[in-house]
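K.L.:
need a 3D model of the sequence below.
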Amino acid sequence: MNDKRRACLFIQPCKGQTERDREKDVNDRQLENSSANAPLILDVVAFGLSIVGLCFVEFSRLFFIPTTIKEMSSTTTTTTTNIKRDDTRLSNQIRPIESEQALLNKADGSAKFSQGKSSVLAAVYGPIDVKTARKEKISKSVVDVSFTPATGNTTYFDKEREMLVRNAVESIILTLLHPRTQINVIVQVYSNDGSIISCAINACCLALLDAGIELNCLISSITLSFTHDNQIYLDPTQKEENNSKGLAVYAINSKSEIVMTKTTGIIGESLYFQGLNIAKQSCEKVSAYTRLAVRNRIMGDQTQPSTTTTNTNNTLVEESKDKEMKDSS
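P.N.:
Now for the predicted structure:
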């Protein structure tokens with residue numbers, strides 16, 4: 001009997017131990033199942049949050065954005081005719097323009113273009129043989145522009161200006177007429193008092209005409225500055241550029257096509273397109289001046305056309321017609 005009791009006492013702990021092991025196994029399995037289901041729960045929660053976010057975006061588009069656009073359009077109305085500037089110009093007036101052609105003997109064409117105190121000299125060499133074979137193009141000529149500042153070394157901003165001028169100039173050159181050649185355009189800044197990119201593009205156009213390079217049209221450029229009170233200044237000075245909230249450089253050809261545009265700062269959509277309309281009118285005046293300057297150069301008249309401060313209401317075309325009538329008489 002004692003042996004049986006001992007056997008029973010020995011077996012009973014074993015049974016209790018096995019039950020505990022089973023409970024542990026069950027708990028472990030439950031933990032494993034819960035851990036396996038955790039990613040699924042997180043995915044469901046993330047999916048629900050994404051749906052809520054999309055609904056919020058669509059709701060904001062329907063109700064909030066139109067009102068903000070109306071508010072922006074109502075606050076960006078500008079008047080650009082009755083504002084006096086520091087240099088006594090109105091907001092829609094260009095600084096006096098001066099130009100001179102054929103200044104360099106070794107260059108195929110050269111021109112100096114000045115807008116107020118901003119002055120740029122452009123020289124054209126070519127078409128010439130391509131110096132490096134990897135730059136050569138079989139079907140057309142290569143246009144290379146070098147932009148040199150008035151003082152100091154070339155910076156990143158000068159490289160950016162160089163790229164903008166090259167894109168604008170290359171668009172008007174008939175490069176297909178001179179394959180496997182290169183046209184070099186060198187831009188040297190004499191003085192920078194604002195609107196220097198526009199001044200450089202206008203100088204390059206005159207220099208290309210002086211060099212006799214075949215062009216499909218003329219090109220002219222103008223710079224606009226946008227003030228913090230949503231006013232637009234035409235042909236800004238360096239001080240006006242520094243005090244503005246945004247700048248826009250437009251290059252437009254004689255076909256009224258936008259060749260290049262460069263914007264910096266914060267400019268609303270309505271302000272941008274309003275500035276574009278002003279730029280188109282102003283570029284027409286600059287193109288008229290370019291035609292008149294080239295005509296005087298060809299006819300042997302060294303006097304420059306009248307270039308007092310020009311606003312968008314006056315036209316230099318009328319001045320050129322008056323000049324032609326006087327010459328014919």
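K.L.:
pLDDT weak spots in the stretch 1-150 of the chain?
P.N.:
Counting by pLDDT under 70, the stretch 1-150 of the chain has low-confidence residues at 1-47, 49-82.
K.L.:
swap that for the stretch 151-300 of the chain, sorry
P.N.:
Counting by pLDDT under 70, the stretch 151-300 of the chain contains no low-confidence range.
K.L.:
and the strands in it, which stretches?
P.N.:
For the stretch 151-300 of the chain, the strands defined by DSSP state E, counting those that start in this stretch occupy 181-191, 219-226, 232-234, 246-253, 258-265.
K.L.:
need the winner for burial among the ones you listed.
P.N.:
Ranked by mean neighbour count under mean count of other CB atoms under 10 Å, the strands of the stretch 151-300 of the chain are led by strand 219-226, which reaches a mean of 27. In this view, the C-beta of every residue, glycine as well, is placed from N, C-alpha and C.
K.L.:
quickly run through the sheet partners of that strand, with directions.
P.N.:
Partner strands for strand 219-226, per DSSP bridges, with pairing direction: strand 232-234 (antiparallel), strand 246-253 (antiparallel).
K.L.:
now that strand and strand 258-265, what's the angle there?
P.N.:
20 degrees (axes from the mean of the first three to the mean of the last three CA atoms, to 10 degrees).
K.L.:
just the C-alpha atoms of strand 219-226, please, in PDB.
P.N.:
Output of strand 219-226 as PDB, limited to C-alpha atoms (Å, rounded to 0.1, in the frame of the first residue of the first chain):
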ATOM      1  CA  ILE A 219      14.100  89.200 -79.800                       C
ATOM      2  CA  SER A 220      13.700  91.700 -77.000                       C
ATOM      3  CA  SER A 221      13.600  91.300 -73.200                       C
ATOM      4  CA  ILE A 222      12.200  93.200 -70.300                       C
ATOM      5  CA  THR A 223      12.300  92.800 -66.500                       C
ATOM      6  CA  LEU A 224       9.400  93.400 -64.100                       C
ATOM      7  CA  SER A 225       9.500  93.700 -60.300                       C
ATOM      8  CA  PHE A 226       6.500  93.000 -58.000                       C
END
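K.L.:
okay, now residue 98: neighbour count?
P.N.:
15 (other CB atoms under 10 Å).
K.L.:
shouldn't it be within a strand?
P.N.:
Yes: assessed with DSSP: H, G, I helix; E, B strand; the rest coil, residue 98 lies in a strand.
K.L.:
contacting residues around the residue lying closest to it once chain neighbours are set aside?
P.N.:
Distances taken as CB to CB, 6 or more residues apart in numbering put residue 114 closest to residue 98, at 4.4 Å, once the chain neighbours are dropped. Listed by CB atoms under 8 Å, 6 or more residues apart in numbering, the contact partners of residue 114 are 97-99, 120, 199.
K.L.:
got it, and residue 211?
P.N.:
Counted by CB under 8 Å, 6+ apart, residue 211 has contacts 107-110, 124, 126.
K.L.:
just these now: which is nearest residue 90?
P.N.:
When the contacts of residue 211 are compared for distance to residue 90 (CB to CB), residue 110 comes out closest, at 33.0 Å.
K.L.:
please tell me how far the closest one sits from residue 254.
P.N.:
Distance, residue 110 to residue 254, by CB to CB, to the nearest Å: 22 Å.
K.L.:
between those two, which is the more surrounded one?
P.N.:
residue 110 (24 against 19).
K.L.:
which SSE is the more buried one in?
P.N.:
Using DSSP states H and E, residue 110 sits within strand 109-115.
K.L.:
quick one: work out the angle between that strand and strand 219-226.
P.N.:
Using the same axes, to 10 degrees: strand 109-115 against strand 219-226 is 20 degrees.
K.L.:
surely residue 101 touches residue 206?
P.N.:
Yes: counting by CB atoms under 8 Å, residue 101 does reach residue 206; the two are 6.1 Å apart.
K.L.:
the two: who's more crowded?
P.N.:
Between residue 101 and residue 206, residue 206 has the larger neighbour count (other CB under 10 Å), namely 25 against 20.
K.L.:
ok, and the closest non-adjacent residue to that one?
P.N.:
Per CB to CB, 6+ apart, closest to residue 206 is residue 111, 3.5 Å.
K.L.:
which of the contacts of residue 114 are buried, as a ChimeraX select command?
P.N.:
Here is the ChimeraX command that selects the buried residues among the contacts of residue 114 (16 or more other CB atoms under 10 Å):
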select :97,99,120,199
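K.L.:
can you tell me which of the contacts of residue 114 is nearest residue 217?
P.N.:
Set against residue 217, the nearest of the contacts of residue 114 by CB to CB is residue 99 (18.8 Å).
K.L.:
so the closest one bridges to which residues?
P.N.:
Using DSSP bridges, the beta-bridge partners of residue 99 come out as residue 113.
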